[in-house]
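Trainee: Fold the following for me, if possible:
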Amino acid sequence: MFSRDKAMEGDGRRGGDPTEQHPWKQWTLLKAFVLFLIAIAGLSLPASNPRAASQAPVETVAVMAPLFMTNQSEQQTFDALLQQAADIGVNAVTVDVWWGVVEGAGDQQFDWTYYDSVFQTIRDRGLKIVPIMSFHKCGGGPGDDCSIPMPGWLANHFNGVGLTADDLRYESETGNQLDDAIAPWATQHPAVLQQFTEFMQAFAQHFSGEAGDFVELNVSLGPTGELRYPAYNGNDDWSFPDRGNFQAYSNVAREQFRDWALTRFGGLSGVSSRWGIPLANADQIRPPGGELPPGSRRAQSFVDTQAYRNSQYGRDFIDWYQESLVGHGKRVQLAADTAFGGAFGAIPLGMKIPGVHWQMKCTPHPRIAEITAGLVRTSFDLRPVDAARSDAFGYRSTMEMVDQVKQSAGRDVVLHFTALEMDNDPGCVGTSMAETLVFWISHGAADHGITHKGENALACVDGPEPAGSPDDRNWGRIENAFIHAPYRGFTLLRLVETDCNPWQTDRNDYANFISTYVVTGPPVTVHLAEWEFCPADQGCTYNVHAFGGLSGEFTLGYEAFLNGRHWWVGQIPAAPDTFSFTFNNTNGWEGGPGQSDRAYDRSSHGNEIFALGRADTVVHTTRP
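Mentor: Next comes the predicted model:
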């Protein structure tokens with residue numbers, strides 16, 4: 001339902017009245033409207049035929065490895081569980097590659113021994129690997145059962161370039177300093193970013209012979225590996241479902257906010273005029289309540305008075321706060337692209353954003369938890385209505401960043417999102433709109449052509465709920481996300497038998513999910529003869545747009561000049577046996593409504609097809 005169809009409306013893609021589209025297009029829009037009403041009401045979506053309604057091919061069905069294994073017995077248990085996972089159709093395993101483990105002894109002192117062993121165990125079971133470059137600490141996050149700090153040598157490593165240990169940390173509005181990961185303002189310094197690059201280069205060099213085992217190179221961008229601030233941290237006097245604490249009170253954060261405002265708005269007088277605040281000197285440009293001593297929530301008045309969204313100062317501060325986080329994500333992702341060249345150059349990068357689903361309704365400050373975590377901007381449209389879709393319901397700058405990295409890197413970037421198992425709290429029992437958020441993120445990702453995959457946020461989806469908990473988790477919601485949105489993969493938290501025993505709790509449900517939703521057909525290779533000059537070296541691309549049994553866009557790369565035509569080629573992975581498709585490029589679509597639609601049938605076309613853009617609708621089995 002949440003495919004690129006929405007982007008077609010009014011863009012001249014086919015000409016004429018945009019309501020005069022395919023029946024599949026009209027049905028897509030109708031389903032979208034119905035889904036929105038259902039999601040806002042907090043009701044479950046109706047069951048349907050998943051193969052008929054599935055929005056995109058499910059490429060990966062993965063499990064998370066234990067955070068860290070400390071003895072041989074744990075590794076033997078892991079090996080046995082891997083076999084069970086492989087038996088039900090799991091095809092990949094995510095593994096945290098901890099910075100504090102590999103390079104903890106000192107700068108450039110890499111020890112890959114643990115990962116040599118773990119990767120070989122996974123490889124022996126015939127499974128692929130998604131390594132997570134874990135540039136954050138383990139401990140303090142939900143479900144963390146290990147204590148792995150950031151490398152200790154980092155604290156004094158940058159003294160020579162003017163960065164202290166405090167500059168690497170977050171400082172909360174409470175005055176607490178948090179070392180969950182390196183704060184975004186520090187990675188603006190080339191010396192800090194270089195440490196990320198060196199770690200990833202060392203990984204690529206050590207595992208160069210096994211590059212084919214990796215299906216994605218996921219990169220941690222903040223606490224618990226997610227692109228966010230540690231706003232909801234128990235070590236910072238937070239408990240669910242509190243609003244969270246702003247994290248921009250360190251000296252380096254204050255300095256960068258001050259410099260940003262002065263540069264953006266034309267010096268001190270420009271800032272004063274824009275905000276309507278008399279400013280005697282630049283030091284008065286500070287985060288909310290920055291003039292107050294630490295020890296209490298310095299931004300409380302900023303929140304209580306709604307200044308964070310109703311004042312120009314407030315909107316500008318939130319813009320900078322979120323822009324700082326997104327800029328950090330872009331820098332680290334581009335560093336990953338630089339580091340992962342050679343045999344790793346075509347492997348997709350990956351990143352994760354969290355499902356901050358509380359403080360969304362039945363609260364005087366809707367969306368405040370996402371705001372303190374740095375996920376959305378109050379200058380964007382945050383309303384829970386479809387008009388907010390153009391701003392990706394507040395996530396637009398994040399989606400634009402992912403798309404920019406993808407275009408710059410020339411490889412796919414996979415966006416992962418959590419909380420697929422959660423509901424919208426009924427009535428005002430709680431403040432959550434988790435299920436709605438799952439689809440908002442899919443809207444935003446699909447509208448920007450971003451491959452996105454999901455996972456559960458809390459272990460033991462099918463386990464009993466805590467007494468008095470408003471949380472309702474179930475596999476039906478995970479299934480609905482795949483029926484009605486183009487999520488392309490799922491990762492189960494976690495392949496362990498500790499605590500609530502998530503593997504044994506959810507193994508059977510996961511097996512049913514895999515057998516129902518994973519299309520096991522081979523890929524289809526598509527060759528297209530371009531219909532107009534479209535220079536690949538100037539960023540032009542062609543795409544297959546699939547519908548009628550398959551939904552999504554699949555990028556083609558330039559192939560060669562053959563038989564008097566310029567050809568492009570790409571693959572549709574794990575394709576169903578029948579589907580319909582047409583093409584578009586950077587400039588638009590190849591025809592009017594129904595004019596250039598084609599029907600694929602594996603039984604007659606095989607697994608390699610050729611098409612002449614704007615020339616005919618024949619699905620050729622040899623190159624014309």
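
Trainee: Give me the residue ranges of the stretch 501-624 of the chain where confidence is low.
Mentor: Applying pLDDT under 70 to the stretch 501-624 of the chain flags the ranges 519-520, 551.

Trainee: try the chain
Mentor: 1-55, 141-143, 466-471, 519-520, 551.

Trainee: Please give me every residue in contact with the residue nearest to the spatial centre of it.
Mentor: The centroid of the chain falls nearest to Leu415 when counting by Cα atoms, centre = their mean (2.7 Å). Going by Cβ atoms under 8 Å, 6 or more residues apart in numbering, Leu415 touches Gly350, Met351, Lys352, Ile353, Val402, Ile441, Ala445, Ile450, Thr451, His452, Lys453. Bear in mind the C-beta positions are built from the backbone N, C-alpha and C, glycine included.

Trainee: Which of the residues you listed sits closest to Ser604?
Mentor: Thr451 (29.2 Å; Cβ to Cβ).

Trainee: Now that closest one: closest residue in space, sequence neighbours ignored.
Mentor: Nearest non-adjacent residue to Thr451, counting by Cβ to Cβ, 6 or more residues apart in numbering: Val414, 5.0 Å away.

Trainee: next one: Val192
Mentor: Nearest residue to Val192 in three dimensions, chain neighbours excluded: Ala186, at 4.9 Å (Cβ to Cβ, 6+ apart).

Trainee: For that neighbour, the count of nearby residues, please.
Mentor: Residue neighbour count, defined by other Cβ atoms under 10 Å, stands at 22 for Ala186.

Trainee: before we move on, the earlier item: touching, the residue nearest to Thr451 and Leu349? I think so.
Mentor: Yes: checked against Cβ atoms under 8 Å, the pair Val414 and Leu349 is within contact range at 7.2 Å.

Trainee: about what we covered before: out of the contacts of Leu415, who's nearest Arg228?
Mentor: Ile353 (7.0 Å).

Trainee: give the contact list for the closest one.
Mentor: By Cβ under 8 Å, 6+ apart, the contact set of Ile353 is Glu226, Leu227, Arg228, Leu375, Tyr395, Thr398, Leu415, His416, Phe417, Ile441.

Trainee: What's opposite it in the beta bridge?
Mentor: Phe417 (DSSP bridges).

Trainee: where's it relative to Phe513, distance?
Mentor: Taking Cβ to Cβ, to the nearest Å as the measure, Ile353 falls 23 Å from Phe513.

Trainee: now Gly276
Mentor: When Gly276 is compared with Phe513 (using Cβ to Cβ), they lie 54 Å apart.

Trainee: These two: who's more crowded?
Mentor: More crowded of Gly276 and Phe513, by other Cβ under 10 Å: Phe513, with 22 against 9.

Trainee: Name the nearest residue to Ile88, sequence neighbours excluded.
Mentor: Closest to Ile88 by Cβ to Cβ, 6+ apart is Ala511, at 3.9 Å.

Trainee: I meant Asp337, not that one.
Mentor: Per Cβ to Cβ, 6+ apart, closest to Asp337 is Ala409, 4.0 Å.

Trainee: likewise Arg297?
Mentor: Glu173 (5.5 Å).

Trainee: contacting residues for the one you found?
Mentor: If a contact means Cβ under 8 Å, 6+ apart, then Glu173 has Asn245, Phe246, Gln247, Tyr249, Pro287, Pro288, Gly289, Arg297, Arg298, Ala299 as its contacts.

Trainee: which two in these are spaced the farthest apart?
Mentor: So, the contacts of Glu173 by Cβ to Cβ: farthest apart are Gln247 and Gly289, at 13.2 Å.

Trainee: These two: which has the busier surroundings?
Mentor: More crowded of Gln247 and Gly289, by other Cβ under 10 Å: Gln247, with 33 against 19.

Trainee: And that one, how far from Ile88?
Mentor: Distance of Gln247 to Ile88, given as Cβ to Cβ: 41 Å.

Trainee: just to revisit the earlier point, now intersect the contacts of Ile353 with the strands, please.
Mentor: In this view, the contacts of Ile353 that belong to strands under DSSP state E are Leu415, His416, Phe417.

Trainee: Is the second one in contact with Thr451, as I believe?
Mentor: No: with the criterion set as Cβ under 8 Å, His416 and Thr451 do not qualify as a contacting pair; they are 9.9 Å apart.

Trainee: quick revisit: okay if I get the contacts of Leu415 as JSON lines plus secondary structure?
Mentor: Formatted as JSON lines, those follow (DSSP: H, G, I helix; E, B strand; the rest coil):
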{"residue": "Gly350", "secondary structure": "strand"}
{"residue": "Met351", "secondary structure": "strand"}
{"residue": "Lys352", "secondary structure": "strand"}
{"residue": "Ile353", "secondary structure": "strand"}
{"residue": "Val402", "secondary structure": "helix"}
{"residue": "Ile441", "secondary structure": "helix"}
{"residue": "Ala445", "secondary structure": "helix"}
{"residue": "Ile450", "secondary structure": "coil"}
{"residue": "Thr451", "secondary structure": "coil"}
{"residue": "His452", "secondary structure": "strand"}
{"residue": "Lys453", "secondary structure": "strand"}
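
Trainee: May I ask which two of the residues you listed are separated the most?
Mentor: Across the contacts of Leu415, the longest distance by Cβ to Cβ is 15.0 Å; it joins Gly350 and Ile441.

Trainee: Same drill for these two, tell me which one is more crowded.
Mentor: The neighbour count for Gly350 versus Ile441, taken as other Cβ under 10 Å, is higher for Ile441 (29 against 24).

Trainee: which non-adjacent residue is nearest the more buried one?
Mentor: Phe417 (4.8 Å).

Trainee: Just give the number of residues close to that neighbour.
Mentor: Neighbourhood size, Phe417 [other Cβ under 10 Å]: 25.

Trainee: how near is it to Ala211?
Mentor: Applying Cβ to Cβ to Phe417 and Ala211 gives a distance of 27 Å.

Trainee: Could you count how many residues lie near the closest residue to Ser580 other than its chain neighbours?
Mentor: Excluding the flanking residues, the one nearest Ser580 by Cβ to Cβ, 6+ apart is Gly548, at 3.5 Å. Neighbour count for Gly548, taken as other Cβ under 10 Å: 16.

Trainee: out of the contacts of Glu173, who has the most neighbours?
Mentor: When neighbours are counted by other Cβ under 10 Å, Gln247 leads the contacts of Glu173 with 33 neighbours.

Trainee: Now do the helices in the stretch 101-250 of the chain.
Mentor: Assigned by DSSP state H, counting those that start in this stretch, the helices in the stretch 101-250 of the chain fall at 113-124, 154-157, 165-168, 190-206.

Trainee: and of those helices, who's closest to Ala261?
Mentor: So among those, helix 165-168 is nearest, using Cβ to Cβ, at 19.6 Å.

Trainee: buried residues in that closest one?
Mentor: For helix 165-168, the neighbour count (16 or more other Cβ atoms under 10 Å) marks Asp167, Leu168 as buried.

Trainee: Strands of the stretch 101-250 of the chain, residue ranges please.
Mentor: Per DSSP state E, counting those that start in this stretch, the stretch 101-250 of the chain carries strands over the ranges 128-134, 170-171, 177-178, 217-219.

Trainee: As CSV, these with distance to Gly345 and mean neighbour count would be great.
Mentor: Formatted as CSV, those follow (distance: least, Cβ to Cβ, whole Å; neighbours: other Cβ atoms under 10 Å):
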stretch, distance to Gly345, mean neighbour count
strand 128-134, 16, 23
strand 170-171, 33, 26
strand 177-178, 35, 20
strand 217-219, 10, 26
